[in-house]
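**Q** no FASTA, just this:
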C-alpha cells in the first residue's frame, strides 16, 4: 500500500532504558521510505543500467543486473560501501586494514587501487561522488570533501562541529556528522546523518553547497536507539531523496520534512533496506534479510518483479552511457 502524507512534527514516545535495550536486541523489520527533497533536484547523469557493485564477507564484487558474471575486485582488508562514479569508470570504497580506515578508489575492474585519505579514522559509512566526479564527500565528525583523482591533497571541511540543534533544555549543542553523506544528482545539496552531543537520535541534514546553509529535519526514535531506525541515504535519478526506515514498533518518531512517502510496493515488505535505484530509474537493487540471510534483490520501481540475485549487502548500480 502506498502512503503519501504531509508531515508535521509528531509527539515522541519515550521508553524506559530496559525496554530500549530489548528493542535494540530484537529482530527488527525494515521498510523503504522515500522523502521528497525540496527544491526538487534533477538528474545530472541519467543513463543505462550497468553492473551492480556489492559487498560479501568484507570484499567487494560486481555482477550483471541479472546476477551473472560475479567478479571479485578486492582481497585485502575489510572493504565496504562501494559507490560508482558518475561516469561508471571508478568505484570508491572504504577499506579497514591494520586498524586504519580510509577512503579508496579503484577502476571498474578492481585495478589501480589508491587510498584517497590517509588519516586512518574515516567512518565506515562510505563516500559519495559529486555529479562531475571531481570530488568525494564523507562524514568524519565534520562534513568534508576531497579530490577524487591524484594528487588527492587534504580534505576540505565544509562544516565543522556546528553549534546548533536543541534538546529539552533549549540550549545550543554541537552537531556531529559521522555517518552517511550523499550528494544530490544536480550537485546542489549534500544530505548527511547527524546527531547532537546531548542525544543519540538521528536527524538528516541538507547542506546547500552554494550558500553553505544547513537545514535539517529530525528522524528519531528512542534516545538510546535512534541510530538503529535509519540505515542509509540515497538519491534517485530524478532527484527524489530517500532513506531506509527501521521499524522498531514501540517507539514514536519525530519527522519534520516537506513530504514523506512510503514507497509503493515496498512499504509492506519486511526486511528491505539499503536501496539503490538504477540509473535509468526503472529498478531498485536492495537487500532483504527477512529469512536471516542477506540477499540482494532486483525489483521494478513499483516493487513488482522481485528477483533474488545473490547473497551480499550494500549494492550500488553502475551508470552506463
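**A** Arrived safely, thanks for sending. Note that the coordinates shown come from a computational prediction; the quantities given were computed from them, not determined experimentally.

**Q** which element follows the one helix or strand residue 105 maps to toward the C-terminus?
**A** Following DSSP states H and E, one finds residue 105 within strand 100-107. Tracing the chain past strand 100-107, the next element assigned as helix or strand by DSSP H and E is strand 114-115.

**Q** If you count contacts, what does the helix or strand just after that following strand end up packed against?
**A** With elements assigned by DSSP H and E, the helix or strand that comes after strand 114-115 is strand 128-129. In terms of contacts (3 or more CB pairs under 8 Å, 6 or more residues apart in numbering; DSSP states H and E), strand 128-129 is packed against strand 78-84, strand 135-140, strand 181-183. Bear in mind the C-beta positions are built from the backbone N, C-alpha and C, glycine included.

**Q** Just name the most buried of these.
**A** Stretch with highest mean neighbour count among the helices and strands packed on strand 128-129: strand 181-183 (a mean of 26; mean count of other CB atoms under 10 Å).

**Q** Give me the sheet partners of that strand and which way each runs.
**A** In its sheet, strand 181-183 lies beside strand 189-196 (antiparallel), with partners assigned from DSSP bridges.

**Q** Could you check how far residue 295 is from residue 283?
**A** 16 Å (CB to CB, to the nearest Å).

**Q** re earlier: what are the buried residues along the strand holding residue 105?
**A** Using 16 or more other CB atoms under 10 Å as the test for burial, strand 100-107 gives 101-106.

**Q** Tabulate the helices and strands packed on strand 128-129 in TSV, adding columns for mean pLDDT and distance to residue 190.
**A** As requested, the helices and strands packed on strand 128-129 are exported to TSV (pLDDT from 0 to 100; distance: least, CB to CB, whole Å):
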stretch	mean pLDDT	distance to residue 190
strand 78-84	95	14
strand 135-140	83	6
strand 181-183	84	5
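
**Q** still on that earlier bit, now what about the strand holding residue 105, what contacts it?
**A** Residues outside strand 100-107 that contact it (CB atoms under 8 Å, 6 or more residues apart in numbering) are 73-74, 79, 89-95, 112-124, 127, 136, 138, 146, 148.

**Q** Give me the buried entries from those.
**A** 73-74, 79, 90-95, 116-117, 122-123, 127, 136, 138, 146, 148.

**Q** For the nearest residue to residue 58 once chain neighbours are set aside, which residues are in contact?
**A** Nearest residue to residue 58 in three dimensions, chain neighbours excluded: residue 78, at 4.1 Å (CB to CB, 6 or more residues apart in numbering). Going by CB under 8 Å, 6+ apart, residue 78 touches 58, 95-97.

**Q** For residue 78, name its beta-bridge partners.
**A** Beta-bridge partners, per DSSP bridges, of residue 78: residue 96.

**Q** I'd like to know how far it sits from residue 208.
**A** 34 Å.

**Q** now swap in residue 189 and tell me
**A** In terms of CB to CB, residue 189 sits 6 Å off from residue 208.

**Q** so residue 290 makes contact with residue 271?
**A** Yes: the pair residue 290 / residue 271 is scored as a contact, 3.2 Å apart, by CB atoms under 8 Å.

**Q** So for the two, which residue has more residues nearby?
**A** Shown here are residue 290 and residue 271; by other CB atoms under 10 Å, residue 271 has more neighbours (19 against 13).

**Q** my guess is the more buried one contacts residue 288, does it?
**A** Yes: contact criterion CB under 8 Å: residue 271 and residue 288 qualify, at 4.6 Å.

**Q** Correct me if wrong: residue 54 contacts residue 313.
**A** Yes: counting by CB under 8 Å, residue 54 touches residue 313, with 6.7 Å between them.

**Q** Need the overlap of contacts for those two.
**A** With CB under 8 Å, 6+ apart, residue 54 and residue 313 have common neighbours residue 296.

**Q** When these two are compared, which one has more neighbours?
**A** More crowded of residue 54 and residue 313, by other CB under 10 Å: residue 54, with 26 against 16.

**Q** name the element that one belongs to?
**A** strand 48-56.

**Q** The next helix or strand after that strand pairs with which strands, and in what direction?
**A** Using DSSP H and E, the helix or strand that follows strand 48-56 towards the C-terminus is strand 59-63. Paired neighbours of strand 59-63 in the sheet (DSSP bridges): strand 48-56 (antiparallel), strand 71-72 (antiparallel).

**Q** winner for burial among those?
**A** Among the strands paired with strand 59-63, strand 48-56 has the highest mean neighbour count (mean count of other CB under 10 Å), at a mean of 22.

**Q** now what about that one, what contacts it?
**A** 60-65, 73, 79-84, 88, 91, 108, 276, 278-280, 282-283, 285, 296, 309-321.
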